[in-house]
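K.L.:
sequence below, structure please.
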Amino acid sequence: MRIFILAIDGVFDTGLSVTLDAFSTASRLSAKLFDGTPRFDVTTVGVRRTVHTSQGLTVPVQSIKPASRPDWVIVPAVLAGTPDELFARLERADMRDAKSQLLKWSARGTLIGAACMGTFILAETGLLDLQKSTTTWSLAPFFRRRFPYVQLDESRMVVPCTIGVTAGSAMGHLDLALWIIRQASPELADTVSCYLTADLRSSQAPFIIPNHLAQADPMILRFERWARLNLKDGFSLQAASKALATSARTLQRRCHAVLGKSPLDYFQDLRVEHAQSLLHRDSYDIEAIATAVGYADGATLRALLRDRLGRGVREIRAGFSMN
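P.N.:
Below is the predicted model:
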């Protein structure tokens, strides 16, 4: 399998290095334990002769040959402190060249993977339009606003589509690499996971901070504050819209536009977040926690946690106690 890692100036150091490390580990283990099958031929390429990481390190890149046709191209994140900084970087000349090259590769049948902020670069090409995708959860509202034709689900860690695959935040680069390795050999991917003490994760949901998402829009922020004060009383769209001095329809539209979900779904996210924080305190049993987040019984809360986080109460508590 021939793989290009497309390094662009300002590339996220960890994203680039963990991707390279995952494939180099896969190649080493494949040669040692799997008779050299599959084989990963990985090359770091750039649209400029000189590329620096976000920490200022020089990346040794190879120039892209006009007729090149790798099996996969991976776009690591370019680090940016704010959405405005990221969007400004997307307008740079080297970014335009990178997007043009991605379109050429895709037209030749090359599959493309992108992780974290790298998904913004891929989405800028238009290749993700009408495709399912994920991105770094912290910038999901801005991604949704900039790329309204992409079917975004930031709760998922890895999302395959017809043109390739996207992955979520920061360490999602490792999930992306493991997913590609798994397509070649599930057994090798499992072995690489063991050596790196990492595994392919299906969800970003346990890591999402609802308050961070709310910061993207003034109305959503006001709704979040109202919701936190009313968790114990339960959700009422009419009460929420009245408190925000807006219509129920406007609140629903804004939630879908910014968060990609209904007001009730976001209210449920806040319930899950608060329930998790209470589960970390041994003095709270599940029935008391259910009451604190507006449920009549613990069974309903257990079902919500399992649905949203993919983990039960014991697993959540055990995970906290290990940290």
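K.L.:
for residue 158, what are phi and psi?
P.N.:
phi -130, psi 130 (degrees, to the nearest 10).
K.L.:
hey, what's it bridged with?
P.N.:
Judged by DSSP bridges, the bridge partners of residue 158 are residue 167.
K.L.:
okay, now it: neighbour count?
P.N.:
When counting by other Cβ atoms under 10 Å, one arrives at 23 neighbours for residue 158. Bear in mind the C-beta positions are built from the backbone N, C-alpha and C, glycine included.
K.L.:
same check on residue 185?
P.N.:
If you count neighbours by other Cβ under 10 Å, residue 185 ends up with 17.
K.L.:
597 is where my numbering starts, stick with that
P.N.:
Sure, I'll start numbering at 597, so the last one becomes residue 781.
K.L.:
now do the contacts for it.
P.N.:
Counting by Cβ atoms under 8 Å, 6 or more residues apart in numbering, residue 781 touches 626, 630, 633-634.
K.L.:
next step: the residues you listed restricted to strands.
P.N.:
Using DSSP state E, the subset of the contacts of residue 781 located in strands is empty.
K.L.:
list buried residues within the residues you listed.
P.N.:
residue 626 (16 or more other Cβ atoms under 10 Å).
K.L.:
which two from the contacts of residue 781 end up farthest apart in space?
P.N.:
Spanning the widest gap among these are 630 and 634, at 7.7 Å by Cβ to Cβ.
K.L.:
anything in contact with each of these two?
P.N.:
Both residue 630 and residue 634 are in contact with 781, 784, where contact means Cβ under 8 Å, 6+ apart.
K.L.:
tell me the helix or strand right after the longest helix seen in the chain.
P.N.:
Scanning the chain for the longest helix, with DSSP state H as the assignment, gives helix 609-629. For helix 609-629, the following helix or strand on the C-terminal side (DSSP states H and E) is strand 637-642.
K.L.:
if you count contacts, what does the very next helix or strand once past that next one end up packed against?
P.N.:
Of the helices and strands lying after strand 637-642 in sequence (DSSP H and E), the nearest is strand 647-648. On a contact count with 3 or more Cβ pairs under 8 Å, 6 or more residues apart in numbering; DSSP states H and E, strand 647-648 meets strand 654-655.
K.L.:
and the strand it packs on, what's its mean pLDDT?
P.N.:
Averaging pLDDT along strand 654-655 gives 97.
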